[in-house]
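Novice: dropping the sequence and predicted coords here.
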Amino acid sequence: MSVGRYRIEKTISRFYREIDEILDAVGVSGDEFYQDLHAFTSSNEKPTDVQQSESEEYKSTSGHAARVGCRKSELLDATQTGDITKLENAIAWIEFDGVQADLRNELFDAKSRIRNEKDIKRVHRAMIDLRPSVVSELRSYIKPPPVLHTIMLCTFILLGMTDESNLGWNEIRCLMRRQGKASLFRAITQFDRRDVHKNRCRRVLKLLDGIDFRSAVEVSEGAAIFYEWLRDMTRDVS
């Protein structure tokens, strides 16, 4: 054996002894550490579009429980911000670390949050480009689901096109059929929520009590479009 190779092997041996001493000091199994290290360095799975540098907290810990705690904290932080990109990044790291089973409930909530946020953005875009076909589809109901009836009633109350809280569906359909200056489209494009009295908004919110975005979108995308518009127009009312 050459002198150079002997020195290299001696240095490597000393390096591993020092690692073992550190692991003993912090109470971590050497086998567990090397298995985790091997799994991490040999894995071919890489999160897409995720920042590749690990957090300082993650670098300073080892072991399965530590990974779960770190990833859970990152996911909860991302959930509080409501930032879809951060949520998707946090989920990608959880899947990369293979701790999905430990964070099953948190992952379900986070993915539901992402789905809802994307649905809401899609609905907002749809309201900006509201098509006559959307209103025609809603008007085609003969006996609408109660959720749809309530949403459209609230829409016309907020627009000031009716003051009746118990307006029947046939009357609502008539309002949806109006054309020209009295049309639903014109009323929405000219609507300014700053001009609406808060009492009117409170009436709408009271009628909408018990209805959420998910129940609206399950009826139809059109119902969800008007529901989100109502929530957006009344969001500052207490």
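Specialist: The structure has been received and is ready for your questions.

Novice: quick check: which ranges of the protein have low pLDDT?
Specialist: 1-21, 23-62, 119-120, 122-129, 237-238 (pLDDT under 70).

Novice: try it again at 50.
Specialist: 1, 41-42, 44-45, 51-52, 56-61 (pLDDT under 50).

Novice: got the domain ranges for it?
Specialist: 1-44, 49-129, 131-233 (automatic domain parsing).

Novice: export those to a markdown table and tack on mean neighbour count?
Specialist: Just so you know, the C-beta spots here come from the backbone N, C-alpha and C atoms, and that holds for glycine as well. A markdown table is the format used below for these (neighbours: other Cβ atoms under 10 Å):
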| stretch | mean neighbour count |
| --- | --- |
| domain 1-44 | 11 |
| domain 49-129 | 15 |
| domain 131-233 | 16 |
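
Novice: Leu76 touches Asn105, doesn't it?
Specialist: No: at 11.7 Å, Leu76 does not count as touching Asn105 under the criterion of Cβ atoms under 8 Å.

Novice: mind listing what Leu158 touches?
Specialist: Phe191, Val196, Arg200, Cys201, Val204, Leu230, Met233, Thr234 (Cβ atoms under 8 Å, 6 or more residues apart in numbering).

Novice: helix or strand for the fifth one, which one?
Specialist: In this structure, Val204 sits in helix 198-208 according to DSSP states H and E.

Novice: just after that helix, pick out the following helix or strand.
Specialist: helix 213-219.

Novice: and that next one, what does it pack onto?
Specialist: Using 3 or more Cβ pairs under 8 Å, 6 or more residues apart in numbering; DSSP states H and E, the elements in contact with helix 213-219 are helix 104-128, helix 146-159, helix 221-233.

Novice: what angle separates the last one from helix 146-159?
Specialist: Taking axes from the mean of the first three to the mean of the last three Cα atoms, to 10 degrees, one finds helix 221-233 and helix 146-159 inclined to each other by 40 degrees.

Novice: please renumber the chain so that the first residue is 855 from this point on.
Specialist: Done: numbering now begins at 855, and the last item shifts to helix 1075-1087.

Novice: just want the angle from helix 1075-1087 to helix 1052-1062.
Specialist: Using the same axes, to 10 degrees: helix 1075-1087 against helix 1052-1062 is 140 degrees.

Novice: helix 1075-1087 packs against which elements?
Specialist: helix 958-982, helix 986-993, helix 1000-1013, helix 1052-1062, helix 1067-1073.

Novice: swap in 6 Å and give it another go.
Specialist: In terms of contacts (3 or more Cβ pairs under 6 Å, 6 or more residues apart in numbering; DSSP states H and E), helix 1075-1087 is packed against helix 958-982, helix 986-993, helix 1000-1013, helix 1067-1073.
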